[in-house]
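**Q** what follows is a predicted protein model with its sequence.
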Amino acid sequence: MNRTQLVLTCAISSIMTSTCMATMLYTQSFENDAWLGEEYFDYGNASADHWLKNNNGQASVNGDGFNAWYENTGSVGLTDGDFVGVTNSLRDTGGMFHGSNAYKMSDTDGIMRLIFDDFGKEANVSLAVFIANTGYENTDALSITYGNDVLLSLGDGSDGGFALENAAGSWLFIEGVNVSGQLSINFNSNSSAESIYIDSISISRVVPSPGALALIGLAGLTARRRRDIR
Ligand SMILES: [Ca+2]
Ligand SMILES: [Ca+2]
Ligand SMILES: [Ca+2]
């Protein structure tokens, strides 16, 4: 980066801290009741990684802007029937973070990833996650990533489930700033009591207000003049 670019970048960042607006790119609270259903069965091959499909009458695992991926770790995955996908069961949480529904992962017997659409770079994200209050072991893990950024990682394979147990029992509000790529919520557990609930996803982008845009235009003009003089 040359000096002109550096000055310009500093000018833009100082302007943006004073006058900014957030543009909402995506929200998801799972409040579409058409996504509710019975226990979910994966009719695919548990020994192969694959995208999960929605099945008639069963809770939806895929919906607007979100899709579920299964990754084999040597067990039966979701072929044994599991309570995953959109739910209104309040058994563990006592209440959703927002509205009546949330997205559940439970007894995944492998890694289940809930992956959201790509909304480009420089995004801000927030979401709520609830870890069911029960015992966890070394094989259980929860991570939330956005592109290359890790927003949350609980369960390192050697803590005896302590990190998950310690964070369980209340809604956690997770935020990421200036992230790029795709939001992915990744869970591995091997009992039906070991569950997580996801709610209230919000992905936005901070953009300069029209006034700030005009100032940035001016800064660009100044930089160009400097080049012309040289
Ligand atoms: Ca909700
Ligand atoms: Ca299972
Ligand atoms: Ca376990």
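**A** The structure has been received and is ready for your questions. Ligands and ions are numbered 1, 2, ... in the order given.
**Q** and residue 135, how far from ligand 3?
**A** 7 Å (CB to the ion, to the nearest Å). All C-beta spots, glycine's among them, are computed from the backbone N, C-alpha and C.
**Q** what does residue 175 give?
**A** Counting by CB to the ion - residue 175 and ligand 3 are separated by 28 Å.
**Q** does that residue touch residue 126 like I think?
**A** Yes: Residue 175 is within contact range of residue 126, at 4.7 Å (criterion: CB atoms under 8 Å).
**Q** give me the element residue 187 is part of.
**A** Per DSSP states H and E: residue 187 is located in strand 183-188.
**Q** more neighbours, residue 175 and residue 126?
**A** residue 126 (16 against 11; other CB atoms under 10 Å).
**Q** specify the beta-bridge partners of residue 115.
**A** Beta bridges link residue 115 to residue 67, residue 184 when assigned by DSSP bridges.
**Q** next up, the contacts around the residue minimising distance to the centre of the chain.
**A** Centroid-nearest residue in the chain, with CA atoms, centre = their mean: residue 183, separated by 4.0 Å. The contact partners of residue 183, by CB atoms under 8 Å, 6 or more residues apart in numbering, come to 115, 116, 125, 127, 144, 145, 146, 201, 203.
**Q** how about the helices in the protein?
**A** 3-18, 162-167, 210-229 (DSSP state H).
**Q** next, count neighbours for the nearest residue to residue 44 once chain neighbours are set aside.
**A** Distance criterion CB to CB, 6 or more residues apart in numbering; nearest residue to residue 44, sequence neighbours excluded, is residue 50 at 5.1 Å. For residue 50, the neighbour count with other CB under 10 Å is 14.
**Q** for beta bridges, what are the partners of residue 50?
**A** Bridge pairing for residue 50 - DSSP bridges - gives residue 70.
**Q** mind checking how far residue 85 is from residue 55?
**A** Residue 85 is 10 Å from residue 55, where distance means CB to CB, to the nearest Å.
**Q** swap in residue 45?
**A** Taking CB to CB as the measure, residue 45 falls 15 Å from residue 55.
**Q** give me the more crowded residue out of those two.
**A** Legend: neighbour count by other CB under 10 Å for residue 45 and residue 55, higher for residue 55 (16 against 12).
**Q** for the more buried one, what are phi and psi?
**A** According to degrees, to the nearest 10, the main-chain angles of residue 55 amount to phi -120, psi 140.
**Q** can you tell me how far residue 176 is from residue 204?
**A** 11 Å.
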